Each structure stands twice: as structure tokens, then as C-alpha cells.
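Asker: no sequence for this one, just the structure:
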């Protein structure tokens, strides 16, 4: 995989008018190499790990990215992780810095694993990602998840794909 690239995000099938149906082909077992890859960082509030303002925050960030032509749909990636039971961090891949948002970069090598199932199994997925990173000779320090569809679209499509992304040292 080329530096700063992610597997192709196929947005061609969208029967919900919201999230595209995720095609997991090419996402499992990849090593992503980022070198100062641009992202927008945003935070959401949660109650015991259940997000309460994700729709509002994601809508704002995506709107700003679209308005400033900083979005490449085929390279869509939103990395999410809980910072606590009350707060989550989200990194939105961009093509350039976005005014009015917090811009950050990410560098390093990251391994991916595709999961499918209910959100309540995220704790198990986290453990599997830790094991995967260790199996690659690294200590798990940063693990994110790319939630490929919202809960309503996952229900409509009958599949809830989530891509785990773990930093390799």
C-alpha cells in the first residue's frame, strides 16, 4: 500500500441515503503506512461509552470538509477511540487542513483487521487488536476503530463492519 493511502472505500451502493454499504474486501490484514497524513481531530461526549452527540459532531466535520474540498470519498477513514467512558476522539482523514477544525497529522505503520458484529463486542475486538499488534512484534499503544456505518445503516444492510486499526512500533 502506498504511503498515506488506505484501501478503496466503495461508496457506490447506498440504499439508505445515509451511509454507503461497506465492502470489506481489501481492508483485512493490511499494513497502512502514514507519514504526516492529515486528519481533523474532533471529540464526542459519551455516557458509559455510548456516544450522545456523534451525529452532530460528525455532521459538522463532514460539512466543513466538503465545503473546503478536503474530502476524498474513495479514501474515507474515520479513526475513533474512547478516551474514557465519557469522551471519544475521532480522526477524520482529509486531503488538506480544514479551517475552523483542529488539524493534526499521523505518522507510523498500522495493521488492520475487519470485524463484523454488534457494537457491544467492541471490548473483544479491542483485545483481538492488542493480540494482533503483539503478534507483529509490537506493544499495543494506539488502537482505533473505523465504524463503517451508523447503527441505523448497519441494521438496514444486515451487517455491521468495523475495521480495527492498531499502531505498530
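Answerer: Looks like it arrived, so ask away. Owing to the predicted nature of the structure, the values given are computational and were not obtained by experimental measurement.
Asker: use CA for all of it now, contacts and neighbours both
Answerer: OK.
Asker: what about the residue lying closest to residue 77 once chain neighbours are set aside, neighbour count?
Answerer: The spatial neighbour of residue 77 that comes closest, neighbours along the chain excluded (C-alpha to C-alpha, 6 or more residues apart in numbering), is residue 93 at 5.5 Å. By the measure other C-alpha atoms under 10 Å, the count of residues near residue 93 is 27.
Asker: got a pLDDT number for residue 93?
Answerer: You'll see residue 93 listed with a pLDDT of 98.
Asker: That one contacts residue 36, correct?
Answerer: No. Contact status for residue 93 versus residue 36: not in contact, 11.2 Å apart, counting by C-alpha atoms under 8 Å.
Asker: in this structure, which segments are predicted with low confidence?
Answerer: Residues of the chain meeting the criterion pLDDT under 70: none.
Asker: where exactly do the helices run in it?
Answerer: Using DSSP state H, the helices of the chain run over residues 54-67, 122-135, 151-157.
Asker: Output those helices as a markdown table; include the columns distance to residue 82.
Answerer: What follows is the helices of the chain, written out as a markdown table (distance: least, C-alpha to C-alpha, whole Å):
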| stretch | distance to residue 82 |
| --- | --- |
| helix 54-67 | 12 |
| helix 122-135 | 11 |
| helix 151-157 | 17 |
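Asker: Give me the residues contacting stretch 39-53.
Answerer: 54, 57, 61, 82, 84-94, 97-98, 101-106 (C-alpha atoms under 8 Å, 6 or more residues apart in numbering).
Asker: for that stretch, which positions count as buried?
Answerer: Of all the residues in stretch 39-53, those buried under the rule 16 or more other C-alpha atoms under 10 Å are 39, 40, 41, 42, 43, 44, 45, 46, 50, 51.
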